[in-house]
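Student: Sequence first, then the predicted structure:
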Amino acid sequence: MASRYSAWRLLKEGLRGQRGWQPAWRDPEPRGRYDVVLVGGGGHGLATAYYLAKTHGVQSIAVLEKGWLGGGNTGRNTTVIRSNYYYPESAALYDLSVRLYEGLSRELNYNVMFSQRGMVMVGHSRHDLEAMARWAGAMQINGVDCEILTREEVGRLVPALDLSPTARYPVHGGIIQRRGGTARHDAVAWGYARAADALGVDIIQNCEVTGFVRSPKGTIIGVETTRGGILADKVGLAAAGHTSLLGEMAGFSLPLTSYALQAFVSEPVKPVIDTVVLSLATGTYISQSDKGGLVIGGGLDLYPSYAQRGNLPVARSVLGAIVDQYPSLGRVRFLRQWAGIVDVSPDSSPILGDTPVPGLYMNCGWGTGGFKAIPAGGTLFAHHLATGRPHPLAEAFGLDRFARGALIDEAAASGIAH
Amino acid sequence: MLLIKCPWCGPRDEHEFRCGGQSHIARPGPPEAVSDEEWSRYMFERINPRGVHYERWVHAFGCRRWFNIARSTADHTIFAVYRMTDAAPQLDGSGESGQ
């Protein structure tokens, strides 16, 4: 295994000319058989592999990634972590994730740079304030920290906001989850990959699943890949926006639609925003990375897409809304724009657990909010794969909720576009 | 940016339109004979292909009429625009435009 990272190690390698570092994970050839094969080498797949090995002692696990590790939505999000949800089921799920993030750097011996700089949600009308008071009340009842802010308090927290009465989006007040924040998204994937590899998990990149192997009874007992067939007792899907395509290979459709979600980052500038700020009416949000880049996101593109690039009208409306709220940023130049393909479910809540086919399990439907949920998604999916039963926190999120009408409609409840 | 040929107004910019999702979904019936699972499939399940997608659009900031588009979700190429009551065109995937 790769040796531990520490300040002492950094000093030692510095004195030795940085010649003692080892690759953080191996690059193994796929074996013919594993206990569990996970499809998708992003945050959720890697975290699931880690908790399967660490918590449940599963010996033989492979993570198959068609591209490179963390190259999908884990590397394409805006790095925001929060648990400001409305329903008790969602609050319990996402708050577990925030708590796991709080200890993650130590758990993985890898600095994921989780910075609890606070998540400010800004209301632009009296009606926004009423919706947010209801939202804040729900969060407090669910045991999630949340405070209501006056207009002046929002102004003190976010001085760059246009607070003038003639502003295009006037600021009436807000709420804050102080435990919310951001983390280094690549480090989350790399940290889980390194820790899982150290526990014996095979991480196999450039290995695309092209079909499933079935027993005579129809149970899935393995996958066909671009690097050969691999048998497995259980196959778990953690493929975000491409889950429907894998479902189609296995012979079922899912209540998912894939959309492009765009994000933008500016040239590095001096510190100007030290929290995460979400605007309720425009659905746009902004934070500033440690390098100084302004990281900006907004709503989904308007039609189904697998093209990881995003369309211009949504870019224009998101950036226009940001400039209207922060006039001083009007002339900041952009460094990059990109899009990830997100799997949106009808109630904007994840779908966890059994698929219609025996032997195949799924962790999908996170939509635009998958990054914040990586540690919880991995914990819950590992529990299901190891025990065959849903984790208590995952019971409400099964595929069967759609036929039962037991939807957890977070899109309407928390007033955000995901 | 898409240039969408509205069947009534002609070619217009994409931001005048709204996408209404998958088209040609048949409502099952009669209601008393439909199981919960079948309703669930009708209400929620979508084919979500990577490739040609037959979908409904409305010219929201124009004539406000609905119509169908056959469009690639992989690269957004529009293969055909046709009316709500028309059957889905059979496409050979060659990118032949129906416009």
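Tutor: Now that the structure is in, tell me what you want to look at.
Student: CA atoms for contacts and neighbours, from now on please.
Tutor: Fine.
Student: Neighbours of residue 20, how many?
Tutor: Just so you know, I chose chain A. Using other Cα atoms under 10 Å in any protein chain shown, residue A:20 is surrounded by 10 other residues.
Student: let's do chain B instead
Tutor: The number of residues near residue B:20, taken as other Cα under 10 Å, comes to 16.
Student: now swap in the one 4 residues further on and tell me
Tutor: Using other Cα under 10 Å, residue B:24 has 14 other residues around it.
Student: The residue in chain B that chain A sits nearest to: what's its closest spatial neighbour, skipping adjacent residues?
Tutor: Closest residue of chain B to chain A, Cα to the nearest Cα: residue B:45 (4.0 Å). Leaving out its chain neighbours, the residue that sits closest to residue B:45 by Cα to Cα, 6 or more residues apart in numbering or on different chains is residue A:255, at 4.0 Å.
Student: show me where pLDDT drops low in the chain?
Tutor: Just going to use chain A. Where chain A drops to pLDDT under 70, the residues are A:1-2, A:412-418.
Student: look at chain B instead
Tutor: Low-confidence segments of chain B (pLDDT under 70): B:92-99.
Student: Geometrically speaking, which residue is the centre of chain A?
Tutor: residue A:371 (1.3 Å; Cα atoms, centre = their mean).
Student: How much space separates the residue nearest to it when sequence neighbours are not counted from residue A:191?
Tutor: For residue A:371, ignoring the flanking residues on the chain, the nearest one in space by Cα to Cα, 6+ apart is residue A:74 at 6.2 Å. To residue A:191, residue A:74 is 12 Å away according to Cα to Cα, to the nearest Å.
Student: cool, residue A:304 as well?
Tutor: For residue A:304 relative to residue A:191 (Cα to Cα), the value is 32 Å.
Student: With neighbour numbers in mind, choose between the two.
Tutor: Each of residue A:304 and residue A:191 has its neighbours counted (other Cα under 10 Å); residue A:304 has more, 29 against 26.
Student: And the residue of chain A found nearest chain B, its phi and psi?
Tutor: Nearest residue of chain A to chain B: residue A:255, at 4.0 Å (Cα to the nearest Cα). Torsion angles at residue A:255 (phi, psi; degrees, to the nearest 10) stand at phi -80, psi 60.
Student: on that earlier part again, quick one, what contacts the residue nearest to residue B:45?
Tutor: A:345, A:346, B:41, B:44, B:45, B:46 (Cα atoms under 8 Å, 6 or more residues apart in numbering or on different chains).
Student: again, only this time at 7 Å
Tutor: A:345, A:346, B:44, B:45, B:46 (Cα atoms under 7 Å, 6 or more residues apart in numbering or on different chains).
Student: The last one pairs with what?
Tutor: Beta-bridge pairing of residue B:46, defined through DSSP bridges, involves residue A:254.
Student: quick revisit: burial count for the residue nearest to residue A:371?
Tutor: Neighbour number of residue A:74 under other Cα under 10 Å is 25.
Student: Make sure it is indeed in a helix.
Tutor: Yes: assessed by DSSP: H, G, I helix; E, B strand; the rest coil, residue A:74 belongs to a helix.
Student: Isn't it up against residue A:370?
Tutor: No: contact between residue A:74 and residue A:370 fails when scored by Cα atoms under 7 Å: they sit 8.0 Å apart.
Student: right, and residue A:257 touches residue B:50 too?
Tutor: No: using Cα under 7 Å, residue A:257 makes no contact with residue B:50, being 10.7 Å away.
Student: Around chain B, pick out the residues from chain A.
Tutor: Within chain A, the residues that sit near chain B (Cα under 7 Å from any Cα of the partner chain) are A:244-245, A:253-258, A:302-307, A:311-313, A:346, A:402-403.
Student: Of those, keep whichever come out buried.
Tutor: Neighbour-count burial (16 or more other Cα atoms under 10 Å in any protein chain shown) applied to these gives A:244-245, A:253-258, A:302-307, A:311, A:346, A:402-403.
Student: I'd like to know which of these are part of strands.
Tutor: Taking DSSP state E as the definition of strands, these contribute A:257, A:258, A:302, A:303, A:304.
Student: and the helix or strand hosting residue A:107, what other elements does it pack with?
Tutor: For residue A:107, the host element (DSSP states H and E) is helix A:104-108. If contacts are counted by 3 or more Cα pairs under 7 Å, 6 or more residues apart in numbering or on different chains; DSSP states H and E, helix A:104-108 sits against helix A:185-198.
Student: got the contact list for the helix it packs on?
Tutor: When contacts are defined by Cα under 7 Å, 6+ apart, helix A:185-198 is touched by residues A:1, A:24-26, A:42-43, A:46-47, A:49-50, A:70, A:74-75, A:79, A:108, A:110-112.
Student: Excluding covalently adjacent residues, which one is nearest to residue A:169?
Tutor: residue A:124 (5.8 Å).
Student: which stretches of chain A form helices?
Tutor: Remark: helices assigned in chain A by DSSP state H are A:7-15, A:43-54, A:88-102, A:104-108, A:126-141, A:151-157, A:185-198, A:243-250, A:312-325, A:374-387, A:401-404, A:410-413.
Student: which of these is buried the deepest?
Tutor: helix A:43-54 (a mean of 29; mean count of other Cα atoms under 10 Å in any protein chain shown).
Student: got a list of what residue A:239 touches?
Tutor: A:39, A:40.
Student: ugh, wrong one, residue A:163
Tutor: A:155, A:170, A:171.
Student: do you know how far it is from residue A:336?
Tutor: Distance from residue A:163 to residue A:336, by Cα to Cα: 29 Å.
Student: Okay, helices next: where are they in chain B?
Tutor: B:36-44.
Student: got the residues of it near chain A?
Tutor: B:1, B:15, B:19, B:36-37, B:40, B:44-50, B:73-75.
Student: Determine which two of those residues are furthest apart.
Tutor: Farthest-apart pair in these is B:1 and B:36; separation 40.0 Å (Cα to Cα).
Student: about what we covered before: determine how far the helix holding residue A:107 lies from the middle of the whole chain.
Tutor: Centroid separation between helix A:104-108 and its chain, computed with Cα atoms, centre = their mean, to the nearest Å, is 17 Å.
Student: With stretch B:34-47 instead?
Tutor: Here the centre of stretch B:34-47 is set off from its chain's centre by 19 Å, with Cα atoms, centre = their mean.
Student: That one: which residues count as buried?
Tutor: Buried-residue list, stretch B:34-47, by 16+ other Cα under 10 Å: B:39, B:40, B:41, B:44, B:45, B:46, B:47.
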